[in-house]
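Chemist: build me a model:
(2 chains)
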Amino acid sequence: MAQSNELHDAILNGDAKKAHAVTQAAIEAGIAPMALISESMVPAMDEVGRLFEAEEYFVPELLLAGRAMKSAMELIRPLLIASGQRMAVRVIIGTVKGDLHDIGKNIVASMLEGSGFEVIDLGADVSPENFVAAVKERQPHIVCMSALLTVTMPAMKTTIDALESAGVRTHVKVLIGGAPVTSQYAKEIGADGYSENASAAVSLVKSLLATA
Amino acid sequence: MVEQMMEKTALKYSALAIPNTDDLLYGVSPHPLACGLGLTIGAGQVFPEVNFTLPAMNIEAGTWAEVVAHYEEMASQILRRAVSLGVPGIVLEFELLPPMTDRPEWGAEITAVLNRHLMACHEKHQLPCALRVTPTDIRDQQKPPMMRTGEPWQRLKRSFELCAEAGADILSIESIGGKEVHDLALMYGDFSGIVFALGMLAPRDMSWLWGQIGDICVRHPGVVPGGDSACGFANTAMQLAHQKMLPEVLAAVVRAMSAVRSLAAFEQGAVGPSKDCAYEGPVMKAITGYPISMEGKSASCAHFSPLGNISAAMCDLWSNESVQNVRLLSGNAPEVFTELLAYDCRLMNTAAASEGGALQMRNWMTASDEWLSPQAAVLSPDATIKIAAAIVGADTPYHRVVAAGRAAVEILKDGIAQEKLHLSRKEQQWLVRIDDALDALPADEATLMLDLEAQYGGLYGKSSYGL
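Modeler: Predicted structure coming up:
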């Protein structure tokens, strides 16, 4: 399938316009949407991930590839929904209450999205109540929380406690990250995982889903 | 609304206060700053600037007494050790945490605590000292941020006012105007977006904000407008580059270009010392002649840095950036890092006391780091003068940013050509890409803004920047 190879390369090169055009042509040629995903998009993003791990790609290349994949998904998603096929795993992400730092969280969100997850970004300074409301409304599989300040780290525990109190803690896996956060702290507050960086966060989400 | 409309006649630097590289030394500035209690910065000696913060804890009404107790403890222990080590002078920096700016009375209360400790120490030991207070820029609580109006700005302004009344000697901030565009542009490696943020939005906000801070200082005699830091821009890029998320060369060029927005504070009346985390500080010093604060090897408590020695080469204050009040074997971390800073400063000052010693010491500190990273390469005294000269040689902030970017690219290219700077193939490709992107920029800022409207127009409010 020429279109598949072209789509693969367009994503790898971060060319969103080409990815969109090639996907449109592939759909018109009758190629199954799922085939485009499994044969072109997922392998392309896997290769992007490998290049990032090998320090051949930086975040900009990674995000441009994710943007290209997203532009292709805009065409594919309605077809999947119409055919009753399930969408990607859903992730809710936010920087905790009192903390306005969001660039690290944004990178994680973009990388998750580029890896095929549906990401709902709640932004920065997100209260426990807003995390709970989003979990109830959007029913995600994963909740990711970020904090850059030592004095906002406790809000991670407050949020987990709020998820418990609302009776939705067992519905989700909770991951935390940010400069002052440690794996020990994750254990202390009852999170399901901790990631040191954005790339590891994607791997962690995948591994948690695999064992769920 | 009056303040919003107020336009000031700003100073514009068109020449360097320190044009000769050999005159760009640590501890000495053409315009020394007398502030606080008997302290003069930039008059021949480097002093420690100690920055300290809370351990992991909630800041709320229920924990407030504990918060205050931490600051009481930190101030008393830092000053006790400073006196024991015979430091010739000291600056304490209080960086407010977001809740302390959101509730300005809280920040002012801690300011008063620290001021009381400094006054008592000065009275008892005659230690020259000053207190720098840095409220948090909380104006990005809304999207798009409201920079000149709204509750967050009113609280930030009140925080400055109350801290000035409560005993601050130097006011500073790590302002974030333009960051809403810069963050996204940086993540996508979009050079034109970066230039737009650093050359148009950030300088406009800096000019307005530092006009406001200057007014507050005028109303509080004895309180000086210190300076800003491109922390949210260039340090974000630097830290992401250290984590291999961004090219080091991009972060180094961003550093050089960020000096333009930091200079805007001085053009609105700031007199130094600029903030410790403003690694673009030496460029400020070369242009303005005002003293600067820097951080490096003794800030490893806060973050990794490949600039440990070279960052001290031109400093007037030497800082630890930030350390939590946690227990170590020899005492609490803030007093431990006071000791590190004290010895760093003592060595620099001892070297400076001998003929030619400061220049020799500066050159050693420079040589130890200069070509080991692109970030260090743009921080040497030679590079500083080249970048500073490029900035003052251009007319508008936009053209200054482009000129600073070109100067940084040339410094890096020269380093590669002379086989001093060794970069990976990928880094070298990015340097070519940045060079090409500089060439592709439009001749004027209005065209750039128009070109980027669809991409970034929704992220910022034009009225926040007087556009």
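Chemist: correct me, but B:Ala383 touches B:Ala377?
Modeler: Yes. With contact defined as CB atoms under 8 Å, B:Ala383 reaches B:Ala377; the gap is 6.3 Å. All C-beta atoms are positioned from the backbone trio N, CA, C, and that covers glycine.
Chemist: what does chain B have sitting close to chain A?
Modeler: B:53-59, B:97-99, B:138, B:140-141, B:143, B:183-184, B:186-190, B:236, B:240, B:243-247, B:324, B:424, B:426, B:430 (CB under 8 Å from any CB of the partner chain).
Chemist: and the residues you listed, which of them are buried?
Modeler: Taking 16 or more other CB atoms under 10 Å in any protein chain shown as the criterion, what is buried in the residues of chain B next to chain A is B:53-54, B:56-59, B:97-99, B:138, B:140-141, B:183-184, B:186-190, B:236, B:240, B:243-247, B:324, B:426, B:430.
Chemist: closest point of chain A to chain B, which residue?
Modeler: A:Pro60 (3.0 Å; CB to the nearest CB).
Chemist: now the helix or strand containing that residue: buried residues?
Modeler: Secondary structure from DSSP states H and E places A:Pro60 in helix A:59-82. Of all the residues in helix A:59-82, those buried under the rule 16+ other CB under 10 Å are A:59-73, A:75-76, A:80.
Chemist: repeat for stretch B:160-170
Modeler: Using 16+ other CB under 10 Å as the burial criterion, the residues of stretch B:160-170 that qualify are B:Phe160, B:Leu162, B:Cys163, B:Ala164, B:Ala166, B:Gly167, B:Ala168, B:Asp169, B:Ile170.
Chemist: helices or strands up against the one helix or strand the third one maps to?
Modeler: Per DSSP H and E: B:Cys163 is located in helix B:151-166. With contacts taken as 3 or more CB pairs under 8 Å, 6 or more residues apart in numbering or on different chains; DSSP states H and E, helix B:151-166 sits against helix B:98-102, helix B:104-125, strand B:170-173, helix B:202-219.
Chemist: leaving out sequence neighbours, find the closest residue to B:Gly461.
Modeler: Nearest residue to B:Gly461, sequence neighbours excluded (CB to CB, 6 or more residues apart in numbering or on different chains): B:Pro144, at 4.5 Å.
Chemist: ok, the one you found - contacts?
Modeler: Neighbour list for B:Pro144: B:Glu180, B:Gly458, B:Leu459, B:Tyr460, B:Gly461, B:Ser464 [criterion: CB atoms under 8 Å, 6 or more residues apart in numbering or on different chains].
Chemist: re earlier: closest one of the buried residues of stretch B:160-170 to B:Pro397?
Modeler: Nearest to B:Pro397 among the buried residues of stretch B:160-170: B:Phe160, at 23.8 Å, using CB to CB.
Chemist: now the closest one, nearest residue through space, not along the chain?
Modeler: Leaving aside its chain neighbours, B:Phe160 sits nearest to B:Ile216 (5.0 Å; criterion: CB to CB, 6+ apart).
Chemist: same question for B:Gly150.
Modeler: Distance criterion CB to CB, 6+ apart; nearest residue to B:Gly150, sequence neighbours excluded, is B:Gln142 at 7.0 Å.
Chemist: the residue of the stretch 251-400 of chain B found nearest chain A and B:Met57, how far apart?
Modeler: Relative to chain A, the nearest point of the stretch 251-400 of chain B is B:Gln324 (6.0 Å; CB to the nearest CB). Remark: distance between B:Gln324 and B:Met57 (CB to CB, to the nearest Å) = 10 Å.
Chemist: what residues are shared contacts of these two?
Modeler: A:Thr150.
Chemist: about what we covered before: now the residue of the stretch 251-400 of chain B closest to chain A: phi and psi?
Modeler: phi -80, psi 150 (degrees, to the nearest 10).
Chemist: my read: it touches B:Asn51, true?
Modeler: No. In this structure B:Gln324 lies outside contact range of B:Asn51 using CB under 8 Å: 10.9 Å.
Chemist: for the chain, what are the low-confidence residue spans?
Modeler: Chain wasn't specified; assuming chain A. Scanning chain A for pLDDT under 70 picks out A:1-4, A:85-88, A:211-212.
Chemist: chain B, not that one
Modeler: Residues of chain B that meet the cut-off, pLDDT under 70, sit at B:1-9.
Chemist: how about the residue in it positioned nearest to chain A, nearest residue that isn't a chain neighbour?
Modeler: Residue nearest to chain A within chain B: B:Gly189 (3.0 Å; CB to the nearest CB). Sequence neighbours aside, A:Pro60 is the residue nearest to B:Gly189 in space, at 3.0 Å (criterion: CB to CB, 6+ apart).
Chemist: my guess is the one you found contacts B:Met187. True?
Modeler: Yes. Between A:Pro60 and B:Met187 there is a contact under CB under 8 Å: 6.8 Å.
Chemist: residues touching the residue of the stretch 251-400 of chain B closest to chain A, list them.
Modeler: Per CB under 8 Å, 6+ apart, neighbours of B:Gln324: A:Thr150, B:Phe52, B:Thr53, B:Leu54, B:Pro55, B:Ala56, B:Cys301, B:Ala333.
Chemist: need the contact list for the nearest residue to A:Glu188 once chain neighbours are set aside.
Modeler: In space, and not counting its chain neighbours, A:Glu188 is closest to A:Lys157: 7.9 Å by CB to CB, 6+ apart. With contacts taken as CB under 8 Å, 6+ apart, A:Lys157 has the following neighbours: A:Glu188, A:Ile189, A:Gly190.
Chemist: any chance of these in CSV, plus distance to B:Ala407, secondary structure and neighbour count?
Modeler: What follows is the contacts of A:Lys157, written out as CSV (distance: CB to CB, whole Å; DSSP: H, G, I helix; E, B strand; the rest coil; neighbours: other CB atoms under 10 Å in any protein chain shown):
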residue, distance to B:Ala407, secondary structure, neighbour count
A:Glu188, 49, helix, 11
A:Ile189, 48, helix, 20
A:Gly190, 52, coil, 14
